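> sequence? don't have it. structure:
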């Protein structure tokens, strides 16, 4: 993982299958190594405001629900309640609180709430900031995008925390 | 006394002279029962069911080749006659005024909609006493009469409980009224009027207005028949559909899933082909092209196409539901055994389909009504904000589809609502069904007919003359022509040979098949002051507008402009237009928009408005004029020990409105800028108990449209919180949702208390006082009045 600053992206969609289309396009960018992607997550926010992960893609362009650290970073930053069920398990309170602190300080949480209203589909992603224009081109169908930035060191630290938590769960 | 000998030329009909004998006692006295008998209609007079839907196009219903399945209209057409050259005025109130009175719309003060009573004779929005509706004539001649649904013929400022009531339905010929007075209504949360009383928003969770309208109509018909076995009735059934807000249960919209994925260009071609196949348009008719102002379907993004397709699915479901409910009424009449002698006139639309949703369509028609400029991207984001595609058609939005769908729905004609110069605005389907009065079944009639012909036709069918006097007032003759002559003669030469058209400066002149079109250079969804500048006094010369000339017997759709070949005809019809215009009070052109051009009423004397705690369902046109300048709202409360919660005062809903309320112990103010942005302020501390005065002050930056300003909340005169509102609603929060004291009826302004709606105040609201001229700034009274009036006028154009 590079020390480059990372863009934290939320893209919202009126139409769920168009979100999937853009998700696939973004994963393709990762697979092709066009940009350095930490992770991409396709989500749906239900009418109660709860976010559900539909699909995830990692830095190598692999898709599935068995998410790695990069995807955990995306989930932790943008939809922390899902950390327990997707990335690190229910016991990882410590790492979740680190994410919560970071969300609050960076304003990502507020952006997430505003950008993704109940009933919408979304693509969440974290990637090296220098890939912004490629990402923008890939998101042809997004109705609204919102981007926050975190520095590379913070991202690394959060990801390390995730790895530790996951190791703990495994052990 | 036989029915035939009654003199019906003057209403009320004089009581017949007593022909019995009166002695000192009953001994020797001879009764005369005719003397006390009620007035009876002429023998054999038919019942009359008049149906008019709203904002619907010639190419919408399946019976006229359209994609909307209209089983009722089609059934009636199969058993009766379809008219394919029937015309409206191109706008809601004007059409309804002509419909009800049988006269030209300007001649009865309806050059504009009822929301704006202007200072010129053709624009007063007040039906004159010498032009009484034909309903009054039927009522005075022994009919039971009722009106259900949309009225739109009561001046906006006269819709409160202070009246006057002389232009409410009960005073204009209807024994019974159940519906709404304004130009539109929420379909799930209408603010209803019954006779002369606001009955408010129904509490039932599953309430749906068109369904309830049908039920009310059937109930009324049963009641009339229970009372009198033979008295004829006249029912006017006017659904809010298919005017915005396009609201219907998803199951109706879902019946059309995928039906519009091909887009508006293709839909129009398909409709056109079906129209030819069904023979409702001539075989040689030409399809008019799409205006440059509208995008090709193929040029849209995938998201736009999918959203727009859903918009049309909802519109189609909404329209089909209205037709289905009309069918329920027809079924009930049939079940009563009265369909054979019921004259049913079913008019599909009071004007062409509406272009007022702008090119993108809108999640909230009030955004357009308020002239809020939203980009395509913002419109999509706001759809997302209020629930996405699934919520389009629900009560979370007040939606209106893209103007291009309206254009497709007006197939095969050009333009749509507001455009009186062209057939897309004026020509609508009409079906007439009357088994006892019409021999032919499934026939087509093509004589020129106009909405002002309906009254004269019904009176002829009823055997009732146009009265010379009503209530002592000499009546002007009706302008319309009965089309009874067409019922049994498809080839009869047309008798309504000349008709002017004018709405918002768009003009048409029809004579003997020729039609001169003079459209102002304004697209119907643009009402901002900048657009209107070009029509200012001294700037606009209407005779310099482009004129198009059509000969309709050879050119059914207005596809071939002959103005260059026949300049003498252009000149002749232009002159004729002005003659007719003068005769019918049309000048000054744009008289209904005078408020935009600096002609304002005298400054109102009243700046304080007091509402005691039990006032509810205040009509939106009568709420205090708080737009575009500073104002305060104060309330005297009694808060019990332990505190209180609930709404102190609320106007409209989350798609535009304000609420002053108490929750979590705090005084809160929420202001929704037409659902685009919400501004919230709250007190820092809890409200005290006992007698408490709370106040919200809005200090406007300047008296100007949509002004921003500072809000300060006070409790017992101490400031307790506040914040800035970047914009305020310049025209009107809602076209239909009202104001309540001590609760928030209908959809809530702030969704945070939606689960407690109507969130009644648990303490006591003694009274709420609005001050619309609190002198918080240096604004002059003239400026305040000017901007309040600007708001009023701007609303009128879209109602």
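In hand now; what should we look at? Predicted, not measured: the structure shown is a model, and the values here were computed from it.

> surely residue B:542 is in contact with residue B:507?
Yes. Using Cβ atoms under 8 Å, residue B:542 is in contact with residue B:507, at 7.3 Å. Any C-beta I mention is one placed from the backbone N, CA and C, and that applies to glycine too.

> so what sits against both of these two?
B:518, B:589 (Cβ atoms under 8 Å, 6 or more residues apart in numbering or on different chains).

> for those two, indicate the residue with more neighbours.
Ranked by neighbour count (other Cβ atoms under 10 Å in any protein chain shown), residue B:542 and residue B:507 place residue B:507 first, with 26 against 17.

> tell me the contacts of the residue in the stretch 51-200 of chain B that chain A sits nearest to?
Using Cβ to the nearest Cβ, residue B:188 is the residue of the stretch 51-200 of chain B that sits closest to chain A, at 17.2 Å. When contacts are counted by Cβ under 8 Å, 6+ apart, residue B:188 touches B:207-209, B:247, B:394-395.

> can you rerun that using 10 Å?
Residues in contact with residue B:188 (Cβ atoms under 10 Å, 6 or more residues apart in numbering or on different chains) are B:201-202, B:204-209, B:245, B:247-249, B:394-396, B:746-747.

> from those, which are also near chain A?
Among the contacts of residue B:188, the residues that sit close to chain A (Cβ under 10 Å from any Cβ of the partner chain) are residue B:396.

> in PyMOL, how would I select the buried members of the contacts of residue B:188?
The following PyMOL line selects those of the contacts of residue B:188 that are buried, judged by 16 or more other Cβ atoms under 10 Å in any protein chain shown:
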select buried, chain B and resi 201+202+208+209+245+247+248+249+394+395+396+746+747
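
> in strands only, show me the contacts of residue B:188.
Taking DSSP state E, every one of the contacts of residue B:188 sits outside strands.

> identify each buried residue in stretch B:651-665, please.
By neighbour count with 16+ other Cβ under 10 Å, stretch B:651-665 contains the buried residues B:651-663.

> same question, stretch B:707-714
For stretch B:707-714, using 16+ other Cβ under 10 Å, the buried residues are B:707, B:709-714.

> need the residues of chain B near chain A, please.
B:301-307, B:310, B:377-392, B:396.

> can you flag the buried ones in the residues you listed?
Buried among the residues of chain B next to chain A by 16+ other Cβ under 10 Å: B:303-307, B:310, B:378-389, B:391-392, B:396.

> just the ones of those in strands?
Counting by DSSP E, these contribute nothing to strands.

> filter these down to just the ones in helices.
B:303-307, B:310, B:378-385 (DSSP state H).

> in chain A, which spans are strands?
Using DSSP E, strands in chain A cover A:6-13, A:37-45, A:51-58, A:63-64, A:121-128, A:144-150.

> mean pLDDT for those strands: which is lowest?
Sorting the strands of chain A by mean pLDDT places strand A:63-64 lowest, at a mean of 70.

> state the distance from the residue nearest the centre of chain A to residue A:128.
Nearest residue to the geometric centre of chain A (Cα atoms, centre = their mean): residue A:74, 2.5 Å. In this view, residue A:74 and residue A:128 are 14 Å apart by Cβ to Cβ, to the nearest Å.

> now do the shared contacts for the two.
A:6, A:37-38.

> tell me the one among those nearest to chain B.
Of those, the one sitting nearest to chain B (Cβ to the nearest Cβ) turns out to be residue A:37, at 23.6 Å.

> now do the contacts for that closest one.
Counting by Cβ under 10 Å, 6+ apart, residue A:37 touches A:6, A:26-27, A:29-31, A:57-61, A:70-71, A:74, A:125-128, A:131, A:134-135.

> among the residues you listed, which are in reach of chain B?
Applying Cβ under 10 Å from any Cβ to those, none is adjacent to chain B.

> just the buried ones from these?
Taking 16+ other Cβ under 10 Å as the criterion, what is buried in those is A:6, A:26-27, A:29-31, A:57-59, A:61, A:70-71, A:74, A:125-128, A:131, A:134-135.
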